[in-house]
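>>> next comes the sequence, and after it the predicted model I'd like to discuss.
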Amino acid sequence: MNSGPLLFLGLFATMACSWTGFVLAPQLQLGGLTQTNTVVVGDALSQTYPLAQPGEAHAGSEVYRANACAACHTEMVRPLDLGSDIQRNWGVRRSLAEDYLLAIPVMLGSQRIGPDLANFGRRTDTNGIYLRLYDPRLITQGSVMPPYRFLFETHKIGFFHSTDALVLPDQDAPPPGFEIVPTPQARALAAYLLSLRQDGYLFEAPPPPLPRTNAVPTNAVATNAVPAAAKPAAK
């Protein structure tokens, strides 16, 4: 008996089931996602989320990829029951599919040799990023992150200091009359890292409940309260 056709059908069914589970089903579930108005974005209400990255940040994502940053960093905050990301202040909530709608490509990463960067823009500033790139141990003692000093240049100081010049300790400072400034690639990378903000509360991940209190809410009116204008005048 020739079992070739039966074997072919079995292999075809196996591949079809795999394709349905790993390609078709996620497309049906997530393919129609669009930008939405969130409950809260930072300190503002009802803002469109997510927003597209500005041009410099988009260029910085290419610098991020070129230097294999995703090999040591992830961009995904795990839920409370799967880790301590939120307790570590790596995010205000778990990451959702909507967070990556406008990220092309999505750089989730696979290892956490360094901290998660999904919400890094809320935890740092431009100068902190430059110092960490130039020498990570200036920020975190014992860091295993390699320095990226090739992203900086040493220039002779002109009439004025550059506003982006690094402020370094004496042992790392350049010779007198010179300053160390970031290259365009370093500026773009910093812009990308600052753009990593998953601070919009979505329907699937609402804000945490407020702590219980005995105080009367500011917008509550007691049932026996009478507006001052309605109170009878005292005789």
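Sure, I can see it.

>>> CA atoms of stretch 139-155 as PDB?
Extracted in PDB, the C-alpha atoms of stretch 139-155 (Å, rounded to 0.1, in the frame of the first residue of the first chain):
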ATOM      1  CA  ILE A 139      26.000  55.800  36.500                       C
ATOM      2  CA  THR A 140      25.900  52.200  37.900                       C
ATOM      3  CA  GLN A 141      28.800  50.800  39.800                       C
ATOM      4  CA  GLY A 142      29.800  47.300  38.500                       C
ATOM      5  CA  SER A 143      27.700  47.600  35.300                       C
ATOM      6  CA  VAL A 144      28.600  45.100  32.700                       C
ATOM      7  CA  MET A 145      27.400  47.300  29.900                       C
ATOM      8  CA  PRO A 146      30.300  48.100  27.400                       C
ATOM      9  CA  PRO A 147      31.100  51.800  26.800                       C
ATOM     10  CA  TYR A 148      30.100  53.300  23.500                       C
ATOM     11  CA  ARG A 149      32.700  56.100  23.400                       C
ATOM     12  CA  PHE A 150      32.900  55.900  19.600                       C
ATOM     13  CA  LEU A 151      29.600  57.700  19.700                       C
ATOM     14  CA  PHE A 152      31.300  60.800  21.000                       C
ATOM     15  CA  GLU A 153      33.900  63.200  19.700                       C
ATOM     16  CA  THR A 154      36.600  65.400  21.400                       C
ATOM     17  CA  HIS A 155      36.400  69.000  20.100                       C
END
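
>>> tell me the gap between it and the middle of its chain.
21 Å (Cα atoms, centre = their mean, to the nearest Å).

>>> stretch 102-122 now?
Counting by Cα atoms, centre = their mean, stretch 102-122 comes out at 6 Å from the chain centroid.

>>> give me the mean pLDDT for it.
Mean pLDDT, stretch 102-122: 90.

>>> quick check: end-to-end length of it?
Taking Cα to Cα, to the nearest Å, stretch 102-122 runs 19 Å from one end to the other.
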